[in-house]
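Asker: need coordinates for the below:
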Amino acid sequence: MGLMFRYALETLRARKAGFAGAFLALACAAALVTACGSLLETGLRGEIRTERYAATPVVIAADQNVHHETHKHGKVKHKAKPVYERVWLPSGTAGEVAAVPGVGEVLADLSFPAVVAGEDPDRSFGHAWSSAALTPFTLAEGRAPEADDEVVLDRELARDAGAQVGDQVTVQSTAAPARYTVSGIAEGDIAEQSALFFTGHEARRLAGHNGQDAVLGVFPAEGVSTEELADRLTEALDGTPAEVHTGSGRGEAEFLDAAQARVELVSMGAALGGTGLLVAILVVVGTFALTARARHREIALLRAIAATPRQVRRLIGREALLVGLAAGPVGAAAGFALSGPLYRRFVELGAVPETLGQVRSPFPAAAAVLATLLAAWLAARVSTCRAAALRPAQALTEAAAEPRRLGPGRLVAGLLVLAGGAVLLWVLSLLRVEPASTPVTYLTVLLLCVAVALLGPALARGAFALLGVPLRLFAVTGHLAAHNSAANARRLASVLTPLTLLVAMAGTILFTQTTLGEAAERQARQGVVADRVVAAANGPGVPGAAADHLRALEGVSAVTEIVHSTVRTPGLDKYAVQGVTTGAGLTDTMDLGVTEGSLDRLGPDGVAVSEVVADSHGLHPGDEWKLVLGDGTPVTLQVAAVYERSLGFGDLTLDHDLLAAHVDNPLADTVLLATDLPEERIAEALADFPGLETGGAARVAEAGAEQRESQAQVVYLGMGLILAFTTIAAVNTLAMSTADRSRELGLLRLVGTTRRQVLRMLRLEALGVGLVAVLLGTVVSLATLTSFSIGMTGEASPSFAPLTYLAIAGTALVIALAATVIPGRIALRRATVS
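Answerer: Prediction:
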């Protein structure tokens, strides 16, 4: 064992340049896995900072999950998934808590949207002044609100609004906008939200929820510790939907989006890390294949002096482990440094809230080093399996000239992988839900690129046989390029794989988003048949009073309020849902593309479902279906209609009043009008409702496009890491391939070929390699996108942006040229014949 490692170490010392490319590829793989692992660990263990409840030892909030149990083979499996709105505590919970021994004081908090007109509507909440001690907030100026038309503002909000004690401000909350007198200005240590405090009566009115509380803050009696009180409360509330939070757990009760972001980070980190590791293995196999190709003589000589195939494989495996041991820690350190900026960028894009702290520990780095070692060992064994198994005489023969045909094992493996890719394309065409189709999409690309890698020599030989015709038009250099390309198909196959993967992955990542985006925008434009659209330009939404005011206008025949949320089934499936004003006039403003039933049947107890949902659950008009609304409320609804425009309007459509009663912000996102009144007349009618604007029907599609673009930026950021790694790997592989040709280039110089002719030959070869890689990558991407489009939109119409595609193809060609010509110039300076 020790002797084998010593030989491996001596080989590495003697062939530093040959293993430098493998080192770089493995280091990049370790960096990628470490960065993605950091995201995953943050999702699993990240602490959510508390602000509003910082001074509260114990916080009681309702369970924010839907629970589902499955019974199989005598075993019970429990699953829980979060809901997307605040679940409020049942009435009477405060009394139960106050009766628990050891409780000193119980303060109820009511949290609801409340925005001072003209200020940022994000994270601005109203509360009752009686809950100010939970932070704590203390009065810096003025007094507490005593009348229902008085309000206390936090210091920063008052400064931004230019408000002082005694001034009047317009506040848009859950009802019509109203004027309040600033009775006081409070100070509290909050950074991620704004606070407005009302009287208890006014806060209850604005919050709604029939006297329920959002959160209870509990203070222990004298002589009772926080831990002891928490234990008593947990026992007393067992069997109820209330949960007890202390320490860092208080943040989960305060910032629901942070708790949901943790789930998304786990999913994102695992998907990116898994995809990145698969890409790494594919790329590193190609890198080691080039290294093995350069060492074919050496391996042949080892076999000729009686080294057994097992000894050769063990030697090469240990060399790979040594390279992995060196590259893993270096890459892990780089990935650790990358994880911070990556996480901050996710925060800037809104995918992760500021209140979720990043976890930085050695676990992702350790996992990356282990994954790198495994990838190195596997890549080395796969890439040298055939060379080590050859008979000595055959090995010496192949060291002089590569075989013209693929080995039967590689051919069969390539065809099987290609068949597997075809199966995945078929499966992808059947998937109609984005969370299910996205991982299959990237797996399909990878599998098809593996097929390209396995069948690469045959593909390269065939492609360059065709390219040889135009190449020979360039006289000497063209003939040399054509001959070299045809004679070195295996070397070119190793070079083609990373470039093909780069083109295929880039095209798929970018154009899945445009395919979905264009389909959704098209459906929204076709489905909104209203004449005018009213939306909030700066505020939490359109209040119901504004919609009622519009209904009273002469010349307005229909008004449809729309509110959005997310619901789950009892089986934990998640669906986007819209709530619309039902009854007469709905079809005058909205056309969902109904294929079964009628929207006329849609009422407070009804639901319209998309064809995707109907197919997956076997639903038809008249069927009853159970759902769990955003705040955890279970309902049983009757299917009224089935429609096709789910990308533009969501998977489900409910009655507006039903959905609005179970969301944090009950104000309408948009209001659709059927009217012949001009925009100026509508704007005049809404003069008493600040922050609203009127536009044409296209505004709904444009707003949806903006939201999808924001979501796409998150996808681009995450998958951009994999594209960056693939780009580096492509450059690395091309540079290695050219650098290992010193002997060949020296021979060309000795037989009279000029330096300029050799460089021109290299450029023509690189251009040919780049064109073949672009063609193969385009075929892989187009096939994948077509299946994706069939599944998600029902049509084989993938959306390509011509300029973006040209940029991808151009990048691949530039990489091929630069990574070939620059090392070629260096190789020519030291080219010798040995």
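Asker: once you drop chain neighbours, what's closest to the residue nearest the centre of the chain?
Answerer: Nearest to the mean C-alpha position of the chain, by Cα atoms, centre = their mean, lies Val715 at 4.4 Å. Nearest-residue entry for Val715: Gln513, 6.4 Å, with adjacent residues in sequence omitted and distances by Cβ to Cβ, 6 or more residues apart in numbering. (Glycine included, C-beta is placed from N, CA and C.)
Asker: figure out the helix or strand that Glu354 lives in.
Answerer: Assigned by DSSP states H and E, Glu354 falls within no helix or strand.
Asker: correct me if wrong: it contacts Glu192.
Answerer: Yes: here Glu354 reaches Glu192: they are 5.5 Å apart, a contact under Cβ atoms under 8 Å.
Asker: end-to-end on stretch 175-192?
Answerer: Using Cα to Cα, to the nearest Å, the end-to-end distance of stretch 175-192 comes to 24 Å.
Asker: stretch 659-667 too?
Answerer: Stretch 659-667 has an end-to-end distance of 11 Å (Cα to Cα).
Asker: for that stretch, what is the average pLDDT?
Answerer: For stretch 659-667, the mean pLDDT works out to 93.
Asker: again, but for stretch 133-152
Answerer: Rounded mean pLDDT across stretch 133-152 is 95.
Asker: give me the residues contacting it.
Answerer: For stretch 133-152, the external contacting residues (Cβ atoms under 8 Å, 6 or more residues apart in numbering) are 51-56, 107, 109, 129, 132, 154-155, 164-166, 169, 171, 178-190, 195-199, 201-202, 205, 217.
Asker: in strands, which of the residues you listed appear?
Answerer: 107, 109, 154, 169, 171, 178-187, 195-198, 217 (DSSP state E).
Asker: about what we covered before: overlap of the contact sets of Glu354 and Glu192?
Answerer: By Cβ under 8 Å, 6+ apart, Glu354 and Glu192 have no common neighbours.
Asker: the residue nearest to the centre of the chain: which element?
Answerer: Using DSSP H and E, Val715 sits within helix 698-739.
Asker: wait, doesn't the residue nearest to Val715 sit right on Gln713?
Answerer: No: using Cβ under 8 Å, Gln513 and Gln713 do not qualify as a contacting pair, with a distance of 9.5 Å.
Asker: residue boundaries of the strands in the stretch 651-800 of the chain?
Answerer: Per DSSP state E, counting those that start in this stretch, the stretch 651-800 of the chain carries strands over the ranges 652-655, 670-675, 692-695.
Asker: what's the first one in contact with?
Answerer: Right, the one you point to is strand 652-655. For strand 652-655, the external contacting residues (Cβ under 8 Å, 6+ apart) are 567, 575-580, 582, 592, 599, 602-610, 613, 627, 637, 643.
Asker: filter the residues you listed to the buried ones?
Answerer: Among the contacts of strand 652-655, those classed as buried by 16 or more other Cβ atoms under 10 Å are 567, 575-580, 582, 592, 599, 602-603, 606-610, 613, 627, 637, 643.
Asker: among these, which lie within strands?
Answerer: Counted as lying in strands by DSSP E, out of these, are 567, 575-580, 606-610, 627, 637, 643.
Asker: report the two of those separated the most.
Answerer: Pairwise distances across these (Cβ to Cβ) peak at 17.8 Å, for the pair Ala576 and Gly606.
Asker: follow-up on the earlier one: of the ones in strands among the contacts of stretch 133-152, buried ones?
Answerer: For the ones in strands among the contacts of stretch 133-152, a burial check counting by 16+ other Cβ under 10 Å picks out 107, 109, 154, 169, 171, 180, 182-186, 195-198, 217.
Asker: quick one: which of these is nearest Glu227?
Answerer: Nearest to Glu227 out of these is Gly217 (Cβ to Cβ; 16.8 Å).
Asker: and that closest one, what does it touch?
Answerer: Taking Cβ under 8 Å, 6+ apart, one finds Tyr53, Thr56, Val58, Val59, Ile60, Val106, Leu107, Ala108, Asp109, Ser131, Ala133, Leu134 in contact with Gly217.
Asker: roughly how far does the last one sit from Leu378?
Answerer: Here Leu134 is placed at a distance of 55 Å from Leu378 (Cβ to Cβ, to the nearest Å).
Asker: go on, the fourth one?
Answerer: For Val59, the distance to Leu378 (Cβ to Cβ) stands at 49 Å.
Asker: alpha carbons of stretch 533-542, as PDB, please.
Answerer: Provided in PDB are the C-alpha atoms of stretch 533-542 (Å, rounded to 0.1, in the frame of the first residue of the first chain):
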ATOM      1  CA  VAL A 533     -57.200  47.900 -14.600                       C
ATOM      2  CA  VAL A 534     -56.700  49.600 -11.200                       C
ATOM      3  CA  ALA A 535     -53.700  48.700  -9.000                       C
ATOM      4  CA  ALA A 536     -51.700  50.100  -6.200                       C
ATOM      5  CA  ALA A 537     -48.700  52.200  -7.400                       C
ATOM      6  CA  ASN A 538     -47.500  52.600  -3.800                       C
ATOM      7  CA  GLY A 539     -49.300  50.800  -1.100                       C
ATOM      8  CA  PRO A 540     -50.500  47.400   0.100                       C
ATOM      9  CA  GLY A 541     -53.300  47.100  -2.400                       C
ATOM     10  CA  VAL A 542     -56.700  48.300  -3.600                       C
END
